[in-house]
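Student: need a structure here:
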Amino acid sequence: MALHLKLKTHTAYSLLFFLIGIAVHAQQSYKLKGSITDKNGPLPGATIQVIETNLSVMTDLDGHFTLTVKEGTYKVQITFIGYNTITQTIQLDSDKNIRINMTNNSAELNELVIVQNAKKADIRKPEMSVNKLSISDVKKMPVVLGETDVLKSILQMPGVTNAGEGAAGFNVRGGSAGQNLVLLDDAPVYSSSHLFGFFSVFNSDAVKDLKLYKGGIPARFGGRASSVLEVFQTDGNMQDYHGTGGIGVISSRAKFEGPIQKGKSSFFVAGRASYAHLFMKLSDNKNSAYFYDLNTRLNFDLDAKNKLTFSGYFGRDVFSFTDLLKNNFGNTVASLQWHHLFNDNLSSRMTVNYSDYAYGLEIPFVGFQWDSNIKNFQFKYDFTQDITPNFQLKYGLSSQYYNFSPGIMKPTKPDSQINYRKLDNKYALENAAYIEAEQSLGQHFSLNYGVRFSSFSNIGKETVNLYENNQPVWFDQNLGLYKMADVIGKQEYGSGKTISNYNNFEPRIGLAYIINDDQSIKASYNRMSQYIHLISNTAAPTPLDIWTPSNKYLKPELVDQVALGYFQNLKEGMYSVETEVFYKKGKNRVDYIDGAQLIGNEALERVILIGESRAYGLELMFRKNLGKLTGWVSYTLSKSEQRTPGRTAEEPGINNGNWYRTPYDKLHDLSITAMYDLSPKWNFGASFTLQSGRPVTYPDGQFEYLGNRVPNFNERNTDNLPAYHHLDVSATYTPNPTSTKRWKSEWVFGIYNLYSRSNAASITFRENKDIRGQNEAVKMSIFGMVPSVTYNFKF
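Tutor: Residues are numbered from 1 along each chain as shown. You can find the predicted model right below:
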């Protein structure tokens, strides 16, 4: 009996341990890790999703990823914008390492194409207020003079506008062009346009990916108040040598790429130049305007855990008006990055970059030359760490050194009346540290939250003006005008001495509530601090604009933004809908007294008043993602205003202290973009834009003074230019789409402004020559209908 009981007990224990073993074995988790690449190397930002769970992760800058998943059989889907989606079934019964090589599905010349479900709204990520465009779509969108333009393409997105035709820069959610942080391979670019806004500085053949953050900006970004535009250059091909290029009506471009050491390192170099000025010379036209730029990138895979990259850009614009004026300006950018993989869960990126924007103006008949620039040296060290499959940390620090050269004026001929004069250089340090987390909470919530601490110091060597009551602007009550205050003294600061210092905490948070696999509601908040200011009293940036640091009299601009959105995919991603509302409020907004002179002003604080700003609006976007016909419709209803109240009860402030519209306020903005693939040989594109006219100030009367008629102006920006609209079309013809030859080509035909709308760039008023006392309005337009043709090739 005892033996029988012992055997039964032993059997029970054996069965218990067996069942426990099964349970433990069933709950065993394993690591699924790997790398995602294409023919040129790693694909940072590719998404890996385990279909049966809510787990997803993005590859780091070296294309690596790690997921921890319970034992089982899963479908794993890999997506990357512009590439074919890959789905693999994986049996996970041990730690596994996979390598996925992705390909694009294009037989055309485009290096990237956007793929079906890569376009649909990202339901699960807390990321919102973000626009992505593939280079394929950019190249299919018709633009002026036949030159593919990255910046003109993002103007088709909701919440993004500019001042009109021939206007440089872009405006995001009611912000100024100087409030956008534009990054090329992580290095800042201070001027984003060629030829006063007709072209972008970004050669589309050299661009790999671009991403615009309008709100919900992660903590790793800082330094600008409105938006962040990331532009990444392509990696050179590590296996074979290839070339691409295009010959257009007024500009051409070429790119060559290949391995330095096959499979280990690569390069690319790309150049672009315009030559319309050569045709001007043939017609005895002494005016000239042209640009050129050069892009390059080197990639070195040192070993399995280390990668080194170098990126460079150099561009110049040259403009001359007969022998009266000569103008040249442009950017120089260089970036060196070291990518290191510590282990499966921790990687880093160390960046050292340099950026320089230089401007030169010469007036030969006066014997006058003017040169100015801004230089920026930056060090960054960023880390990405996977804590758990549902929790990822990003943290890092950065330090920037600024050298502002407001201007050097010098004579260029012996009999010149100009005396040599150099405005004092200004120097500054900007340091920051950040931490941000991305976290999934169950099936229905995902978060991105973090904080950035930034510190800015305006440092010497510099001579600082002193003013009565510390006010560089005073109000003349007799005339009712703001005027420049008298300088009552000067204070010297030695090299490296702190003149003024500012510190700010910048919290950021984004939240997604996932209703189901096709619907989500998202919300975000971010605070942004901007310590350097683009001093400009025009609606769009010009080469004459001046960058200056925050200082004793000019405080950093602080902007808070909240946004709420609803996102939905319809019919298995065939269509997607994105709806957002936003509200932005800023303080320390720069405003100018009437008649402010900015060029050559060594005491800008004497023409500047500080105010506040606000912007709010509704953004709608409807996409068709699949089929022969794809595209989107975007609409923005928004308001952008600023106010500069009086500093005392006796002062009226600007515009009597009332809110008034900023120069880039546009109530309505409608964009329609369509692309149609008729056949392998032909595809077509069209875009239509309709916007409210830009705010302007018209005279509301006139008076006579000493025999001259003087216009009278009332409140600022109460009037509008006429509505702005145009329709552009393009057609791309590929003669031999199935050719197996190395040489492939296509023709791109385009018409900008198909119905020749004369959009007003400005309206001025003058006295009628025939009728004394009668004024007349004069509209200036830049473009009518502009046809173009470009021959593209690759080999």
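Student: phi, psi of L481?
Tutor: phi -130, psi 150 (degrees, to the nearest 10).
Student: in which helix or strand does the nearest residue to it once chain neighbours are set aside reside?
Tutor: Nearest non-adjacent residue to L481, counting by Cβ to Cβ, 6 or more residues apart in numbering: D594, 6.9 Å away. To be clear about C-beta, it is placed using only N, CA and C from the backbone, and glycine gets the same treatment. Using DSSP states H and E, D594 is not contained in any helix or strand.
Student: show me what the spatially most central residue of the chain is bridged to.
Tutor: The C-alpha lying nearest the average C-alpha coordinate of the chain belongs to L229 (Cα atoms, centre = their mean; 1.9 Å). Beta bridges link L229 to V182, L212, judged by DSSP bridges.
Student: number the residues from 28 up from this point.
Tutor: OK, 28 is where the count begins now, so the last one is L256.
Student: pretty sure it sits against L210.
Tutor: Yes - the pair L256 and L210 qualifies as a contact (Cβ atoms under 8 Å) at a distance of 6.9 Å.
Student: who's in contact with P438?
Tutor: G394, F395, Q396, I445, N446, Y447 (Cβ atoms under 8 Å, 6 or more residues apart in numbering).
Student: give me the neighbour count for the first one.
Tutor: In other words, G394. Neighbourhood size, G394 [other Cβ atoms under 10 Å]: 16.
Student: do you know how far it is from L647?
Tutor: 56 Å (Cβ to Cβ, to the nearest Å).
Student: who does the residue lying closest to N446 once chain neighbours are set aside form a beta bridge with?
Tutor: Leaving aside its chain neighbours, N446 sits nearest to P438 (7.1 Å; criterion: Cβ to Cβ, 6+ apart). Beta bridges link P438 to F395 when assigned by DSSP bridges.
Student: let me know the pLDDT of P438.
Tutor: For P438, the pLDDT comes out at 86.
Student: and what of N739?
Tutor: So N739 comes in at 75 (pLDDT).
Student: please apply the same query to D692.
Tutor: Taking D692 on its own, its pLDDT is 94.
Student: isn't it up against G720?
Tutor: No - look at D692 against G720 with Cβ under 8 Å: they stay out of range, at 10.3 Å.
Student: neighbours of the closest residue to K524 other than its chain neighbours, just the number please.
Tutor: The shortest distance from K524 to any residue other than its chain neighbours is 4.3 Å, reached at G487 (Cβ to Cβ, 6+ apart). Around G487 there are 19 other residues, counting by other Cβ under 10 Å.
Student: P69 too?
Tutor: P69 - counted by other Cβ under 10 Å - has 21 other residues nearby.
Student: so what's T525 bridging to?
Tutor: Bridge pairing for T525 - DSSP bridges - gives I486.
Student: quick check: the residue nearest to L508 touching G507?
Tutor: No - assessed by Cβ under 8 Å, D621 is found out of contact with G507, at 10.4 Å.
Student: against R299, how distant is the closest residue to L351 other than its chain neighbours?
Tutor: Spatial nearest neighbour of L351, excluding adjacent residues (Cβ to Cβ, 6+ apart): F392 at 6.2 Å. Between F392 and R299 the distance is 33 Å, computed by Cβ to Cβ.
Student: for T525, same thing?
Tutor: Counting by Cβ to Cβ - T525 and R299 are separated by 43 Å.
Student: show me which of these two is the more surrounded one.
Tutor: Neighbour count, other Cβ under 10 Å: between T525 and R299, R299 has more, with 27 against 11.
Student: SS state for that one?
Tutor: On the three-state scheme (DSSP: H, G, I helix; E, B strand; the rest coil), R299 is labelled strand.
Student: show me what contacts the residue nearest to K524?
Tutor: G487 neighbours (Cβ under 8 Å, 6+ apart): Y454, E519, Y520, G521, S522, G523, K524, T525, I526.
Student: ok, the closest residue to the last one other than its chain neighbours - contacts?
Tutor: Taking Cβ to Cβ, 6+ apart, and ignoring the residues beside it in sequence, I526 has N485 as its nearest neighbour in space, at 4.5 Å. Shown here is N485, whose contacts under the criterion Cβ under 8 Å, 6+ apart are K453, Y454, A455, T525, I526, S527, N528, P576, S577, N578, K579.
Student: tabulate those residues (JSON lines), appending distance to L585.
Tutor: Output for those, formatted as JSON lines (distance: Cβ to Cβ, whole Å):
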{"residue": "K453", "distance to L585": "21"}
{"residue": "Y454", "distance to L585": "23"}
{"residue": "A455", "distance to L585": "17"}
{"residue": "T525", "distance to L585": "21"}
{"residue": "I526", "distance to L585": "20"}
{"residue": "S527", "distance to L585": "16"}
{"residue": "N528", "distance to L585": "15"}
{"residue": "P576", "distance to L585": "16"}
{"residue": "S577", "distance to L585": "11"}
{"residue": "N578", "distance to L585": "16"}
{"residue": "K579", "distance to L585": "18"}
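Student: show me the two of those that sit farthest apart.
Tutor: K453 and N528 (14.7 Å; Cβ to Cβ).
Student: that's a helix at N596, yeah?
Tutor: No - counting by three-state DSSP, N596 is not part of a helix but strand.
Student: and it, how many neighbours?
Tutor: Neighbour tally, N596, other Cβ under 10 Å: 22.
Student: lovely, talk soon.
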